[in-house]
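> Give me a 3D structure for the following:
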Amino acid sequence: MFQDDPNEAVMPDYVSDKHWEVCQQLVAEGLTDNQATRSLASLWTITNNAAKECWAAKQQRLEKIHRQNEEEEEHHLQLLHDKEEATRLEERKKEKQEQIHTHQAWKAYAIRKLKVGDFCKLHYFTNKGLKDTKTAVLVAKPEALVMLPEANRVHTWVPAAAIKDPKAAAIIKDKHLSWEEFNEAAPRMITMMRVQDWPDNHIDMHIQFWSTLQNHHWLHSPDQLKQHTLLLYWSQQHHRWYLTVRTLQGWSLKELNQDLLIEAREEIFDKHLEKQTARAIQVSCTAMSILKPL
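Purely as a prediction, here's the structure:
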């Protein structure tokens with residue numbers, strides 16, 4: 001079998017001194033010098049043509065084997081991909097079912113809110129919110145809303161599924177959550193968003209928004225008012241986003257709006273100043289009543 005490509009072979013120069021001895025053997029058989037060199041050239045050509053045919057057949061076999069190997073490898077990779085995809089979908093299905101079972105305690109009201117893409121308070125996903133759900137008494141229509149009074153005498157509508165008795169605690173607003181409760185609730189809400197097949201861009205936006213707040217330097221400030229400002233900003237913008245997400249005025253929460261953040265800070269500081277002023281007046285009035293002569 002030829003190791004080199006016979007198509008690249010060059011016919012020897014049989015007239016040269018290198019091939020004189022071979023030519024003389026043919027001359028001794030009765031050929032002339034010219035006939036001897038032509039015979040050697042013809043023999044080389046015949047042999048080279050045969051080698052070319054063998055080489056071409058060999059290349060065809062190799063190409064066929066290579067093509068078969070590629071097809072088999074492609075088929076093998078496709079089988080692996082299909083298997084991995086099927087496994088991923090099955091795991092996703094199991095994960096989704098596990099998440100649903102794991103979060104059975106979550107209020108049906110909150111789940112329905114997320115399912116249709118409506119605004120939902122983080123309270124439902126805090127440890128306290130989950131505990132309230134687990135201890136709640138089942139009612140005939142858990143989706144029904146019940147009016148409960150808050151401490152400030154403003155009535156709040158809450159899901160009946162959350163009610164154990166008439167003295168049940170009202171739902172905590174997002175802006176009144178602690179950062180500990182915020183960190184409890186945010187990942188759980190993200191999980192339920194995935195369970196309810198929210199668009200990936202909306203889920204990523206919430207993750208980015210919450211990450212930005214958690215990494216903001218105000219959160220690590222010793223001034224608790226600045227920490228509360230971030231929660232107020234979150235609650236305001238999160239609610240506004242829900243109100244506009246289905247309109248042409250919708251926007252992304254990824255980027256913090258510094259102007260609105262400053263407004264939230266001023267609101268927090270103003271309320272704090274009002275409380276301090278009211279407390280000072282109360283202390284002053286108490287002191288005056290004590291010092292007032294009988």
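
> didn't Q35 look like it was pressed against L26?
Yes: contact criterion C-beta atoms under 8 Å: Q35 and L26 qualify, at 7.4 Å. Every residue, glycine included, has its C-beta placed from N, CA and C.

> The two: which is more packed in?
Shown here are Q35 and L26; by other C-beta atoms under 10 Å, L26 has more neighbours (18 against 14).

> just checking, that one touches A41?
No: taking C-beta under 8 Å as the definition, L26 is not a contact partner of A41, at 11.7 Å.

> can you give me the strands for the stretch 101-250 of the chain?
Using DSSP state E, counting those that start in this stretch, the strands found in the stretch 101-250 of the chain span residues 145-149, 155-159.

> all helices for the protein, in order.
With DSSP state H, the ranges of helices along the chain come out as 20-27, 33-102, 108-115, 127-134, 179-195, 200-214, 224-244, 258-291.

> Switch those over to a markdown table; also include distance to S252.
Shown next, in a markdown table, are the helices of the chain (distance: least, C-beta to C-beta, whole Å):
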| stretch | distance to S252 |
| --- | --- |
| helix 20-27 | 87 |
| helix 33-102 | 26 |
| helix 108-115 | 19 |
| helix 127-134 | 27 |
| helix 179-195 | 16 |
| helix 200-214 | 6 |
| helix 224-244 | 8 |
| helix 258-291 | 14 |
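
> who touches Q214 in this structure?
Applying C-beta atoms under 8 Å, 6 or more residues apart in numbering, we find Q214 in contact with N183.

> Quick one: low-confidence residue ranges for this protein.
Scanning the chain for pLDDT under 70 picks out 1-3, 97-108, 132-170, 287-294.

> isn't A264 right next to S235, touching?
No: judged on C-beta under 8 Å, A264 makes no contact with S235 at a distance of 9.1 Å.

> Show me which of the two is the more surrounded one.
Regarding A264 and S235, a neighbour count based on other C-beta under 10 Å identifies A264 as having more, with 22 against 19.

> who are the neighbours in contact with the more buried one?
By C-beta under 8 Å, 6+ apart, the residues touching A264 are T229, L232, Y233, Q236.

> L213: neighbouring residues, count only.
20.

> same thing with the one 4 residues further on?
H217 is flanked by 7 other residues according to other C-beta under 10 Å.

> do L232 as well
Residues near L232, counting by other C-beta under 10 Å: 21.

> Please determine how far S252 is located from Q258.
Distance from S252 to Q258, counting by C-beta to C-beta, to the nearest Å: 15 Å.

> swap in E85?
For E85, the distance to Q258 - C-beta to C-beta - is 44 Å.

> Over to N34?
Distance from N34 to Q258, by C-beta to C-beta: 100 Å.

> Then S178?
S178 is 25 Å from Q258, by C-beta to C-beta.

> Of the two, give the one with the bigger neighbour count.
S178 (13 against 8).

> Please report phi then psi for the more buried one.
phi -90, psi 160 (degrees, to the nearest 10).

> And A185, how close does it get to V27?
Counting by C-beta to C-beta - A185 and V27 are separated by 106 Å.

> neighbour-wise, which of the two wins?
Ranked by neighbour count (other C-beta under 10 Å), A185 and V27 place A185 first, with 23 against 15.

> if I pick that one, what's in contact with it?
Residues in contact with A185, defined by C-beta under 8 Å, 6+ apart, are L122, H123, Y124, F125, T126, G129, L177.
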